[in-house]
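Enquirer: sequence first, predicted coordinates after that:
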Amino acid sequence: MSAAQWHEGLLIGYFAGSLFVFSSLMFVAKAAYGRHKGDKTAWWWGPGVPTRWAWVVMEAPSALGFAAIYFMGDRALAPVPLILLAMWQAHYFHRSFVYPFFRRVKPGDTTPLLVPLLAFCTNIGVSFLNAAILSWSQIGQGYELSWLADPRFLIGAAIFATGWRINRKADAMLAALRKPGETGYKVPRGWLYERISCPNYFGEFLVWTGWAIATWSTAGAVFLLWTLANLMPRALENHRWYRRTFADYPVQRRAVIPGLI
Ligand code: NDP
């Protein structure tokens, strides 16, 4: 089987997989990490592993694996693929090696093994899908310099940058809610939090919408679908959790899309 056929097969797999992930997280079981872990997490989620390191290990393929696959491509040193690589790494290098250390993890907090295990495997496939379209000429569309002036690149990059900023700021505001030594939850106030419960996920959705447009690729579109399938059920669950937990939770707030959802 050629690399192009592998790529196509994997795209179909991730498309189908995202429908499966969405229905499972929506109707069967919520992802058992963070506030939704609970005391009675089913045995099949596996033993707990340290949360901070779970984040590093599960996200690392998206930074290191992506870079390795990218540099195996014959167009790895072409300027436009390099710019797209820099965009991807601006998000994922931070997510893998910076974010886990400023996330306010409760002392001794663990995450069930199945969560990082599934994310680790998923991220390897996602990295192949998205890195190969940039630098492997047998798979990608071959981004020439003129792509930088194409409205699809310009609009996509602007949405990507907006989402990146929102995602970072939203995560930083959550981290700031807990003072050193604190372990509980508070109602986030101010900025986009006045309109939605999960601006971090909203930012994430914008990042991958921007990526799909800037690369104008099926791989980007499928990854956006995967991210929505993974995080939309969690956003709705977080929103319900806030409403259940805080009697004074602001009623006008939506879950994740301002004014809509
Ligand atoms: P959450 O919003 O569930 O939690 C983020 C951090 O903030 C955790 O440390 C959490 O603590 C803490 N926190 C959340 N709410 C409160 C509150 N009200 N008061 C005090 N602390 C709070 O986000 P996720 O962990 O699901 O995701 C983190 C980042 O990773 C996000 O930017 C998200 O977009 C990204 N992500 C991307 C995915 C993708 O598919 N591309 C998949 C999953 C995440 P605790 O852990 O104790 O609950």
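Expert: On my side now, so go ahead. Residues are numbered from 1 along each chain as shown.

Enquirer: which residues of the protein lie near the ligand?
Expert: With the criterion set to Cβ under 6 Å from any ligand atom, the chain comes near the ligand through 34-35, 103-104, 106, 167, 171, 174, 177-178, 185-186, 188, 200-201, 204, 227, 230-231, 234. Quick note: C-beta positions are derived from backbone N, CA and C, even for glycine.

Enquirer: go with 5 Å
Expert: Counting by Cβ under 5 Å from any ligand atom, the residues of the chain lying close to the ligand are 34-35, 103, 171, 174, 177, 185-186, 200-201, 204, 227, 230.

Enquirer: so which of those residues are in helices?
Expert: Restricting those to those inside helices, with DSSP state H as the criterion, leaves 171, 174, 177, 200-201, 204, 227, 230.

Enquirer: now the buried members of the residues you listed.
Expert: Neighbour-count burial (16 or more other Cβ atoms under 10 Å) applied to those gives 171, 174, 200-201, 204, 227, 230.

Enquirer: what would the residues you listed look like in a markdown table with distance to residue 74 and pLDDT?
Expert: Converted to a markdown table, these look like this (distance: Cβ to Cβ, whole Å; pLDDT from 0 to 100):
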| residue | distance to residue 74 | pLDDT |
| --- | --- | --- |
| 171 | 36 | 97 |
| 174 | 42 | 97 |
| 200 | 37 | 98 |
| 201 | 36 | 98 |
| 204 | 31 | 98 |
| 227 | 29 | 98 |
| 230 | 32 | 97 |
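
Enquirer: just curious, which of the residues you listed is nearest to residue 250?
Expert: Each of those was checked against residue 250 using Cβ to Cβ; the closest is residue 174, at 16.4 Å.

Enquirer: wait, the closest one sits on residue 188?
Expert: Yes. Under the criterion of Cβ atoms under 8 Å, residue 174 makes contact with residue 188 at 6.5 Å.

Enquirer: mind listing the helices for this protein?
Expert: Counting by DSSP H, the helices of the chain are 3-23, 51-60, 66-71, 79-97, 99-102, 114-135, 151-177, 199-215, 218-245.

Enquirer: from the ones in helices among the residues of the chain next to the ligand, which is closest to residue 136?
Expert: Among those, residue 227 lies closest to residue 136 (Cβ to Cβ), at 22.7 Å.

Enquirer: so who does that closest one touch?
Expert: With contacts taken as Cβ atoms under 8 Å, 6 or more residues apart in numbering, residue 227 has the following neighbours: 204-205, 208.

Enquirer: quick one: it from residue 241, how far?
Expert: In this structure, residue 227 and residue 241 are separated by 20 Å, where distance is defined by Cβ to Cβ, to the nearest Å.

Enquirer: circling back to that earlier point, could I get the helices of the chain as a markdown table with distance to residue 256?
Expert: As requested, the helices of the chain are exported to a markdown table (distance: least, Cβ to Cβ, whole Å):
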| stretch | distance to residue 256 |
| --- | --- |
| helix 3-23 | 14 |
| helix 51-60 | 21 |
| helix 66-71 | 26 |
| helix 79-97 | 18 |
| helix 99-102 | 19 |
| helix 114-135 | 20 |
| helix 151-177 | 11 |
| helix 199-215 | 5 |
| helix 218-245 | 4 |
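
Enquirer: which of those sits most buried?
Expert: Most buried of these by mean neighbour count (mean count of other Cβ atoms under 10 Å) is helix 199-215; its value is a mean of 23.
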